[in-house]
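> Make a model of this:
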Amino acid sequence: MTSATSPRSSGGKLRALFYLPRNAWMLTSTSAVWSVGAAMASPYQTLYFVALGTAPQYVGALVAYGTAVTILALLIGGYIADNWGRRRVIIIFSWISVISSFLYVVIDSPILIIVPLTFGSLASVYTPAFNSLMMDSIEPSDRIRGFSVFNAINTIPSMFVPTVGGLLMYHFGILNGIKIAYVLSGTFGVIGVTIRTAKLGETYFVKPKEEKSFLHYIKSSLVNGIKATSRSGSIVKKLLVYVTLAGIGTGLTAPYVSIYVVDNLKINPIDYSLVVDLAGAVTVALLLGIIFLIQRLGARKSVLVASVASPLSNVMFTQAKTMDELLEWGVTGAVATALQAPSLGTMQAEAIPIEDRGKILAMFSILPAMVSLPSQVGAGVLYTSVSPVTPFLLSILPFSLGAFILYTIGHEKNGKRK
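Predicted coordinates for the structure are as follows:
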């Protein structure tokens, strides 16, 4: 594990606020560069599916397929993050993700969506390694500030870039506008991942091991992930229940937000992009402005407050009819994101030992993905067969149960893990 000496004694307050150790800064800065392009396309992905000719009821099934591939990728990713080291996994699969952006540009049929969707989902192999390297690099006492800075810098592009995507759709149509956005996403990805490849270092060195088959990695990943989770403390297990419930809620809502806003509320893409921009701006401001509040409240209370804001946000979305009401929804969601992102990461880092980080962090991604898969399929059925607002109404229940699970954590104690 790497560590670094804080520069507070030699730098100004601003430099101290934004300081991150070298490897953590390398991941943060290259992700920010990459997201400049990605934020033009990602909010409108399901709109792109429909523009290519996908019937709305099948959008959820497509997203569910991507989720299924992601689950397999995360199974492998958690295992190899702890057995290959972090860097190699991050670099290889970052490039695969970049390739997926360019593949979206060249397809011209809804049947072909499965190709870039597969590549993009496979790239999730690097997620556990990425999160593990961040936790390895940031000192335990500095994680709330460090994770806040990471999330703030990565959210900055969403303060203005989604509007570029909206303008592209306005001038060139939804189909061609999003194709251009994917070109820019891939281009910025090439820049960011090239720098990452050249500059990123390793934080977790392991002895070379015999290469195994693909099936061996899947089996070993699942078995070792379950074992590592079973011997973890109750806080880890309750957090897993929480993210699993949140996965159900997200699966019901995420595939259809942009479609619902554009097709049912009749709000044009540029106006919707302004909502996304405002949410991003509020998230950045809060991530940087409430660091000391989170430190004062503690990570657990901050996560609890964020979990309460999530169902409230969905209630507001189901009632929204105008741009002003959508803006209120966006701001409420931004508050939840700003509070939860650094707090949840801090709780995970404190509770998970370094040698199990890849495996257990993979489970934090796998479990919500597994439950979101049927939720995404069900959302398509509910959206088209019952009413467009039904998936959003149902999502309130799992989000509320998740808040209750966090409340039960109470005053449990866990040892600090470096």
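
> Run the chain-centre distance for stretch 22-34.
15 Å (C-alpha atoms, centre = their mean, to the nearest Å).

> Pull out the buried positions in it.
Applying a neighbour-count criterion of 16 or more other C-beta atoms under 10 Å, one finds 23-34 buried in stretch 22-34. Using the backbone N, CA and C atoms, a C-beta is placed for each residue, glycine as well.

> again, but for stretch 398-406
Buried residues in stretch 398-406, counted by 16+ other C-beta under 10 Å: 398-403, 405-406.

> Which strands or helices does whatever helix or strand residue 72 lives in pack on?
Assigned by DSSP states H and E, residue 72 belongs to helix 56-83. Counting contacts by 3 or more C-beta pairs under 8 Å, 6 or more residues apart in numbering; DSSP states H and E, helix 56-83 packs against helix 45-51, helix 87-106, helix 114-122, helix 127-137, helix 214-230, helix 357-385.

> Which among those is found nearest to residue 185?
Within those, the stretch nearest residue 185 is helix 87-106; the backing value is 4.3 Å (C-beta to C-beta).

> For the closest one, which outside residues touch it?
27, 37-38, 41, 48, 77, 80-81, 115-117, 119-120, 122-126, 129-130, 133, 179, 182-183, 185-186, 189-190, 193, 196-197, 200-203 (C-beta atoms under 8 Å, 6 or more residues apart in numbering).

> just to revisit the earlier point, tabulate the buried residues of stretch 398-406 in a markdown table, adding columns for pLDDT and secondary structure.
Output for the buried residues of stretch 398-406, formatted as a markdown table (pLDDT from 0 to 100; DSSP: H, G, I helix; E, B strand; the rest coil):
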| residue | pLDDT | secondary structure |
| --- | --- | --- |
| 398 | 90 | helix |
| 399 | 86 | helix |
| 400 | 87 | helix |
| 401 | 89 | helix |
| 402 | 85 | helix |
| 403 | 82 | helix |
| 405 | 83 | helix |
| 406 | 77 | helix |
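
> Now do stretch 21-41: distance to the chain's middle.
Offset of stretch 21-41 from its chain centre (C-alpha atoms, centre = their mean): 13 Å.

> where does the stretch 201-350 of the chain dip in pLDDT?
204, 206-222, 225, 288-300 (pLDDT under 70).

> just the helices in it please.
Taking DSSP state H, counting those that start in this stretch as the test, the helices found in the stretch 201-350 of the chain are 214-230, 234-253, 257-259, 269-289, 291-297, 299-319, 323-351.

> how about those helices, which one is nearest residue 147?
Checking these against residue 147 by C-beta to C-beta gives helix 323-351 as the closest, at 3.7 Å.

> so what secondary structure elements neighbour the closest one?
Partner elements for helix 323-351 (3+ C-beta pairs under 8 Å, 6+ apart): helix 127-137, helix 143-155, helix 234-253, helix 269-289, helix 291-297, helix 299-319, helix 357-385.

> now do 7 Å
Packing partners of helix 323-351 (3 or more C-beta pairs under 7 Å, 6 or more residues apart in numbering; DSSP states H and E): helix 143-155, helix 234-253, helix 269-289, helix 291-297, helix 299-319.

> What residues sit buried inside the helix holding residue 72?
56, 58-67, 69-83.

> now it, how far from the chain's geometric center?
With C-alpha atoms, centre = their mean, you get 13 Å for helix 56-83.

> Please apply the same query to stretch 251-269.
Centre to centre, stretch against its chain (C-alpha atoms, centre = their mean), the figure for stretch 251-269 is 19 Å.

> what do you get for stretch 319-335?
That offset, for stretch 319-335, works out to 21 Å (C-alpha atoms, centre = their mean).
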